[in-house]
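K.L.:
Mind folding the following:
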Amino acid sequence: MITLKNVKKRFDDKEVLKGVSMDIEPGKCNLIIGTSGSGKSVLLKCIVGLFTPEEGEILYEGEDMVKMNTKERAELRQSIGMLFQGSALFDSMTVEQNVRFPLDMFSDLSKAEKQEKVDYVLEKVNLVDAHKKLPAEISGGMKKRVGIARSLILNPKYLFCDEPNSGLDPQTSLLIDKLIREITEEYHTTTVVVTHDMNSLMEMGDHIIYLHQGRVQWEGNNKEIFYSEDELLNDFIFASDFFQDARKMRRIEDGNPEEETADKPGNY
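P.N.:
Predicted structure coming up:
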(Lines give C-alpha, C1' and ligand atoms only; values in the text may rest on other atoms or scores of the structure.)
Protein backbone atom coordinates (compact mmCIF):
# COMPACT_ATOMS: atom_id res chain seq x y z
CA MET A 1 0.00 0.00 0.00
CA ILE A 2 1.15 3.50 -0.85
CA THR A 3 -0.50 6.22 1.20
CA LEU A 4 -0.22 9.98 0.72
CA LYS A 5 -1.04 12.36 3.55
CA ASN A 6 -1.45 16.10 2.93
CA VAL A 7 1.24 16.25 0.22
CA LYS A 8 2.04 19.80 -0.89
CA LYS A 9 4.41 20.87 -3.65
CA ARG A 10 5.23 24.32 -4.98
CA PHE A 11 7.55 25.82 -7.55
CA ASP A 12 8.58 29.34 -6.60
CA ASP A 13 5.31 31.10 -5.76
CA LYS A 14 3.05 28.58 -7.54
CA GLU A 15 1.49 25.88 -5.34
CA VAL A 16 0.83 22.86 -7.60
CA LEU A 17 -0.23 20.25 -5.03
CA LYS A 18 -2.41 21.71 -2.30
CA GLY A 19 -2.66 18.92 0.26
CA VAL A 20 -3.16 15.61 -1.57
CA SER A 21 -4.25 12.67 0.57
CA MET A 22 -5.09 9.28 -0.95
CA ASP A 23 -4.41 5.55 -0.93
CA ILE A 24 -2.94 3.75 -3.93
CA GLU A 25 -4.50 0.30 -3.97
CA PRO A 26 -2.09 -2.66 -4.12
CA GLY A 27 -2.23 -5.07 -7.06
CA LYS A 28 -4.52 -2.82 -9.09
CA CYS A 29 -4.40 -0.27 -11.90
CA ASN A 30 -4.62 3.13 -10.22
CA LEU A 31 -5.30 5.96 -12.68
CA ILE A 32 -4.62 9.63 -11.99
CA ILE A 33 -6.67 11.87 -14.27
CA GLY A 34 -7.34 15.58 -14.59
CA THR A 35 -7.06 18.55 -16.89
CA SER A 36 -3.72 19.95 -18.01
CA GLY A 37 -2.11 21.80 -15.10
CA SER A 38 -4.05 19.90 -12.43
CA GLY A 39 -0.84 18.46 -10.95
CA LYS A 40 -0.95 14.87 -12.28
CA SER A 41 2.66 14.52 -13.42
CA VAL A 42 4.01 16.50 -10.46
CA LEU A 43 2.13 14.16 -8.14
CA LEU A 44 3.57 11.11 -9.88
CA LYS A 45 7.11 12.49 -9.65
CA CYS A 46 6.62 13.16 -5.94
CA ILE A 47 5.44 9.59 -5.38
CA VAL A 48 8.51 8.09 -7.08
CA GLY A 49 10.91 10.52 -5.39
CA LEU A 50 11.91 12.69 -8.36
CA PHE A 51 10.40 15.70 -6.56
CA THR A 52 10.42 16.27 -2.81
CA PRO A 53 7.24 17.80 -1.38
CA GLU A 54 7.46 20.75 1.01
CA GLU A 55 4.89 19.14 3.29
CA GLY A 56 3.20 15.79 3.80
CA GLU A 57 4.02 12.08 3.93
CA ILE A 58 4.43 9.49 1.16
CA LEU A 59 4.22 6.12 2.86
CA TYR A 60 5.37 2.87 1.24
CA GLU A 61 4.10 0.08 3.47
CA GLY A 62 4.05 2.56 6.33
CA GLU A 63 7.57 3.96 5.75
CA ASP A 64 7.77 7.65 4.81
CA MET A 65 9.88 8.05 1.66
CA VAL A 66 10.23 11.79 2.32
CA LYS A 67 12.22 11.06 5.49
CA MET A 68 14.35 8.25 4.03
CA ASN A 69 18.10 8.69 3.72
CA THR A 70 19.92 8.22 0.41
CA LYS A 71 20.58 4.50 0.96
CA GLU A 72 16.99 3.78 1.96
CA ARG A 73 15.65 5.63 -1.08
CA ALA A 74 18.01 3.74 -3.38
CA GLU A 75 16.77 0.43 -1.98
CA LEU A 76 13.15 1.49 -2.42
CA ARG A 77 13.73 2.59 -6.02
CA GLN A 78 14.90 -0.90 -6.92
CA SER A 79 11.31 -2.03 -6.30
CA ILE A 80 9.97 0.69 -8.64
CA GLY A 81 9.55 0.49 -12.42
CA MET A 82 8.99 3.70 -14.37
CA LEU A 83 7.65 4.23 -17.88
CA PHE A 84 8.29 7.82 -18.89
CA GLN A 85 6.05 9.77 -21.27
CA GLY A 86 8.65 9.83 -24.05
CA SER A 87 9.94 6.31 -23.22
CA ALA A 88 13.35 7.91 -22.40
CA LEU A 89 15.38 5.37 -24.35
CA PHE A 90 19.09 5.87 -24.98
CA ASP A 91 19.42 6.61 -28.70
CA SER A 92 22.90 5.11 -28.99
CA MET A 93 21.90 1.80 -27.37
CA THR A 94 20.11 -1.10 -28.99
CA VAL A 95 16.76 -2.30 -27.68
CA GLU A 96 18.34 -5.07 -25.61
CA GLN A 97 20.99 -2.69 -24.23
CA ASN A 98 18.28 -0.26 -23.15
CA VAL A 99 16.33 -3.03 -21.44
CA ARG A 100 19.46 -4.45 -19.77
CA PHE A 101 20.58 -1.05 -18.45
CA PRO A 102 18.94 -1.36 -14.97
CA LEU A 103 20.53 -4.79 -14.53
CA ASP A 104 23.94 -3.36 -15.42
CA MET A 105 23.40 -0.61 -12.85
CA PHE A 106 21.82 -2.49 -9.96
CA SER A 107 22.53 -6.23 -10.21
CA ASP A 108 25.53 -8.54 -10.03
CA LEU A 109 24.04 -11.15 -12.36
CA SER A 110 26.24 -12.86 -14.90
CA LYS A 111 26.09 -11.87 -18.56
CA ALA A 112 24.12 -15.02 -19.37
CA GLU A 113 21.65 -14.40 -16.55
CA LYS A 114 21.10 -10.84 -17.71
CA GLN A 115 20.51 -11.99 -21.27
CA GLU A 116 17.97 -14.54 -20.08
CA LYS A 117 16.00 -11.84 -18.26
CA VAL A 118 16.20 -9.46 -21.23
CA ASP A 119 14.94 -12.18 -23.59
CA TYR A 120 12.08 -12.95 -21.19
CA VAL A 121 10.77 -9.39 -20.82
CA LEU A 122 11.11 -8.65 -24.55
CA GLU A 123 9.08 -11.75 -25.28
CA LYS A 124 6.56 -10.57 -22.69
CA VAL A 125 6.01 -7.33 -24.64
CA ASN A 126 6.08 -9.14 -27.99
CA LEU A 127 9.40 -7.76 -29.23
CA VAL A 128 11.31 -10.99 -29.80
CA ASP A 129 12.90 -9.79 -33.05
CA ALA A 130 13.91 -6.27 -31.97
CA HIS A 131 16.99 -6.97 -29.81
CA LYS A 132 19.58 -5.40 -32.10
CA LYS A 133 17.54 -2.47 -33.39
CA LEU A 134 18.16 1.12 -32.35
CA PRO A 135 15.31 3.34 -31.09
CA ALA A 136 15.37 5.30 -34.38
CA GLU A 137 14.57 2.09 -36.24
CA ILE A 138 11.35 1.22 -34.39
CA SER A 139 7.87 2.75 -34.15
CA GLY A 140 6.46 4.84 -31.32
CA GLY A 141 4.39 1.93 -30.05
CA MET A 142 7.44 -0.35 -30.05
CA LYS A 143 9.39 2.29 -28.09
CA LYS A 144 6.66 2.27 -25.45
CA ARG A 145 6.90 -1.52 -25.23
CA VAL A 146 10.68 -1.31 -24.88
CA GLY A 147 10.11 1.18 -22.06
CA ILE A 148 7.69 -1.23 -20.39
CA ALA A 149 10.16 -4.11 -20.79
CA ARG A 150 12.92 -2.01 -19.17
CA SER A 151 10.59 -1.04 -16.31
CA LEU A 152 9.91 -4.75 -15.65
CA ILE A 153 13.49 -6.04 -15.77
CA LEU A 154 14.05 -5.69 -12.00
CA ASN A 155 10.72 -7.37 -11.15
CA PRO A 156 9.27 -4.21 -9.59
CA LYS A 157 6.61 -4.24 -6.92
CA TYR A 158 5.39 -0.85 -8.15
CA LEU A 159 4.96 0.27 -11.76
CA PHE A 160 4.49 3.94 -12.64
CA CYS A 161 3.47 5.09 -16.13
CA ASP A 162 3.37 8.74 -17.21
CA GLU A 163 1.00 9.20 -20.17
CA PRO A 164 1.81 5.78 -21.71
CA ASN A 165 -0.45 6.43 -24.73
CA SER A 166 0.85 9.89 -25.55
CA GLY A 167 1.42 10.26 -29.30
CA LEU A 168 0.08 6.81 -30.17
CA ASP A 169 -2.75 5.91 -32.54
CA PRO A 170 -5.95 4.49 -30.99
CA GLN A 171 -5.22 0.87 -31.92
CA THR A 172 -1.70 0.96 -30.45
CA SER A 173 -3.03 2.72 -27.36
CA LEU A 174 -5.43 -0.16 -26.75
CA LEU A 175 -2.56 -2.64 -27.04
CA ILE A 176 -0.51 -0.70 -24.49
CA ASP A 177 -3.50 -0.54 -22.11
CA LYS A 178 -4.01 -4.29 -22.44
CA LEU A 179 -0.33 -4.98 -21.81
CA ILE A 180 -0.24 -2.82 -18.67
CA ARG A 181 -3.36 -4.52 -17.33
CA GLU A 182 -1.98 -8.00 -18.06
CA ILE A 183 1.27 -7.16 -16.26
CA THR A 184 -0.62 -5.78 -13.26
CA GLU A 185 -2.80 -8.88 -12.96
CA GLU A 186 -0.10 -11.47 -13.67
CA TYR A 187 2.49 -10.08 -11.24
CA HIS A 188 0.05 -8.48 -8.78
CA THR A 189 1.91 -5.22 -9.41
CA THR A 190 0.73 -1.98 -7.87
CA THR A 191 0.36 0.14 -11.00
CA VAL A 192 -0.10 3.91 -11.18
CA VAL A 193 -0.94 5.48 -14.54
CA VAL A 194 -1.17 9.21 -15.25
CA THR A 195 -3.39 9.61 -18.30
CA HIS A 196 -5.74 11.89 -20.19
CA ASP A 197 -6.95 8.99 -22.35
CA MET A 198 -10.57 8.22 -21.53
CA ASN A 199 -10.37 4.83 -23.24
CA SER A 200 -7.64 3.90 -20.74
CA LEU A 201 -9.92 5.00 -17.94
CA MET A 202 -12.68 2.66 -19.09
CA GLU A 203 -10.27 -0.20 -19.90
CA MET A 204 -8.21 -0.37 -16.72
CA GLY A 205 -9.59 2.03 -14.13
CA ASP A 206 -9.69 -0.24 -11.07
CA HIS A 207 -9.11 2.83 -8.93
CA ILE A 208 -9.39 6.36 -10.32
CA ILE A 209 -8.18 9.58 -8.70
CA TYR A 210 -9.44 12.79 -10.27
CA LEU A 211 -7.27 15.81 -9.52
CA HIS A 212 -8.61 19.33 -9.83
CA GLN A 213 -6.39 22.33 -9.20
CA GLY A 214 -3.95 20.36 -7.06
CA ARG A 215 -6.50 18.57 -4.90
CA VAL A 216 -8.24 15.20 -4.99
CA GLN A 217 -11.73 16.01 -6.23
CA TRP A 218 -13.11 12.47 -6.64
CA GLU A 219 -12.10 8.82 -6.18
CA GLY A 220 -13.80 5.68 -7.44
CA ASN A 221 -13.60 3.04 -10.16
CA ASN A 222 -14.58 2.84 -13.82
CA LYS A 223 -18.08 1.63 -12.93
CA GLU A 224 -18.81 4.17 -10.23
CA ILE A 225 -17.74 7.01 -12.51
CA PHE A 226 -20.91 6.55 -14.58
CA TYR A 227 -22.97 7.43 -11.49
CA SER A 228 -20.89 10.30 -10.17
CA GLU A 229 -22.75 13.41 -9.08
CA ASP A 230 -19.57 15.49 -8.99
CA GLU A 231 -20.15 18.33 -11.43
CA LEU A 232 -16.48 19.03 -12.11
CA LEU A 233 -15.75 15.37 -12.83
CA ASN A 234 -18.77 15.05 -15.09
CA ASP A 235 -17.81 18.14 -17.05
CA PHE A 236 -14.34 16.65 -17.56
CA ILE A 237 -15.28 13.04 -18.39
CA PHE A 238 -18.52 13.48 -20.30
CA ALA A 239 -17.64 16.51 -22.39
CA SER A 240 -17.93 14.54 -25.64
CA ASP A 241 -21.07 13.04 -27.14
CA PHE A 242 -19.32 9.65 -27.28
CA PHE A 243 -18.87 9.41 -23.52
CA GLN A 244 -22.29 10.87 -22.83
CA ASP A 245 -23.72 8.02 -24.91
CA ALA A 246 -21.47 5.50 -23.16
CA ARG A 247 -22.78 6.70 -19.81
CA LYS A 248 -26.39 6.36 -20.94
CA MET A 249 -25.76 2.85 -22.28
CA ARG A 250 -24.05 1.74 -19.07
CA ARG A 251 -26.95 2.97 -16.98
CA ILE A 252 -29.43 1.19 -19.23
CA GLU A 253 -27.40 -2.04 -19.06
CA ASP A 254 -27.32 -1.77 -15.26
CA GLY A 255 -31.08 -1.21 -15.12
CA ASN A 256 -30.74 2.43 -14.09
CA PRO A 257 -31.77 4.53 -17.10
CA GLU A 258 -31.35 8.27 -17.11
CA GLU A 259 -33.76 10.28 -15.06
CA GLU A 260 -35.35 13.35 -16.61
CA THR A 261 -32.62 15.63 -15.27
CA ALA A 262 -30.40 16.02 -18.30
CA ASP A 263 -30.57 19.80 -18.11
CA LYS A 264 -29.16 19.91 -14.58
CA PRO A 265 -25.46 20.74 -14.16
CA GLY A 266 -23.39 17.57 -14.01
CA ASN A 267 -26.12 15.36 -15.44
CA TYR A 268 -25.97 13.94 -18.95
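
K.L.:
show me the residues around Leu31 that make contact.
P.N.:
Going by CB atoms under 8 Å, 6 or more residues apart in numbering, Leu31 touches Val192, Val193, Val194, Thr195, Ser200, Leu201, Met204, Gly205, His207, Ile208, Ile209. In this view, the C-beta of every residue, glycine as well, is placed from N, C-alpha and C.

K.L.:
Next, the buried residues of the one helix or strand Ser21 maps to.
P.N.:
Ser21 belongs to strand 14-24 when assigned by DSSP states H and E. Within strand 14-24, the residues that count as buried by 16 or more other CB atoms under 10 Å are Val16, Leu17, Lys18, Val20, Met22, Ile24.

K.L.:
and which of those residues is nearest to Ser92?
P.N.:
Ser92 lies nearest to Val16 out of the buried residues of strand 14-24, by CB to CB, at 34.1 Å.

K.L.:
Could you report the pLDDT at that closest one?
P.N.:
You'll see Val16 listed with a pLDDT of 96.

K.L.:
Can you give me the buried ones in stretch 200-207?
P.N.:
Ser200, Leu201, Met202, Glu203, Met204, Gly205, Asp206, His207.

K.L.:
tell me the average confidence for that stretch?
P.N.:
88.

K.L.:
which outside residues touch that stretch?
P.N.:
For stretch 200-207, using CB under 8 Å, 6+ apart, the contacting residues are 24-25, 28-31, 33, 164-165, 173-174, 177-178, 180-181, 184, 193, 195, 208, 219-222, 225, 237, 246.

K.L.:
How far off centre is it?
P.N.:
11 Å (CA atoms, centre = their mean, to the nearest Å).

K.L.:
which residues of this structure fall in strands?
P.N.:
Secondary structure of the chain (DSSP state E): strands located at 2-11, 14-24, 29-33, 55-60, 63-64, 80-83, 158-162, 190-194, 207-212, 215-220.

K.L.:
Take the contacts of Leu31 and lay them out in JSON lines including distance to Asp104.
P.N.:
Shown next, in JSON lines, are those (distance: CB to CB, whole Å):
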{"residue": "Val192", "distance to Asp104": "26"}
{"residue": "Val193", "distance to Asp104": "27"}
{"residue": "Val194", "distance to Asp104": "28"}
{"residue": "Thr195", "distance to Asp104": "30"}
{"residue": "Ser200", "distance to Asp104": "32"}
{"residue": "Leu201", "distance to Asp104": "36"}
{"residue": "Met204", "distance to Asp104": "31"}
{"residue": "Gly205", "distance to Asp104": "35"}
{"residue": "His207", "distance to Asp104": "34"}
{"residue": "Ile208", "distance to Asp104": "36"}
{"residue": "Ile209", "distance to Asp104": "35"}
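
K.L.:
and which of those residues is nearest to Glu96?
P.N.:
Of all these, Glu96 sits closest to Val193, with 25.7 Å by CB to CB.

K.L.:
Now do the residue lying closest to that closest one once chain neighbours are set aside against Asn69, distance only.
P.N.:
Nearest non-adjacent residue to Val193, counting by CB to CB, 6 or more residues apart in numbering: Cys161, 4.5 Å away. Cys161 sits 28 Å away from Asn69, going by CB to CB, to the nearest Å.

K.L.:
Pick out whichever of those two has more residues nearby.
P.N.:
Shown here are Cys161 and Asn69; by other CB atoms under 10 Å, Cys161 has more neighbours (26 against 7).

K.L.:
roughly how far apart are that one and Met82?
P.N.:
The value you get for Cys161 to Met82, if CB to CB is used, is 8 Å.

K.L.:
coming back round to it: list the contacts of the residue nearest to Val193.
P.N.:
Cys161 makes contacts with Met82, Leu83, Ile180, Thr191, Val192, Val193, Val194, Thr195, as judged by CB under 8 Å, 6+ apart.

K.L.:
Got a ChimeraX select line for the buried ones in those?
P.N.:
A single ChimeraX command selects the buried members of the contacts of Cys161 (16+ other CB under 10 Å):
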select :82,83,180,191,192,193,194,195
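
K.L.:
Now the two most distant members of the contacts of Cys161.
P.N.:
Spatially, the most separated pair among the contacts of Cys161 is Met82 and Thr195, at 15.0 Å (CB to CB).

K.L.:
just to revisit the earlier point, in a markdown table: the contacts of Cys161, plus pLDDT and distance to Pro156.
P.N.:
Formatted as a markdown table, the contacts of Cys161 follow (pLDDT from 0 to 100; distance: CB to CB, whole Å):
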| residue | pLDDT | distance to Pro156 |
| --- | --- | --- |
| Met82 | 89 | 9 |
| Leu83 | 89 | 11 |
| Ile180 | 91 | 13 |
| Thr191 | 96 | 10 |
| Val192 | 96 | 11 |
| Val193 | 95 | 14 |
| Val194 | 93 | 17 |
| Thr195 | 90 | 19 |
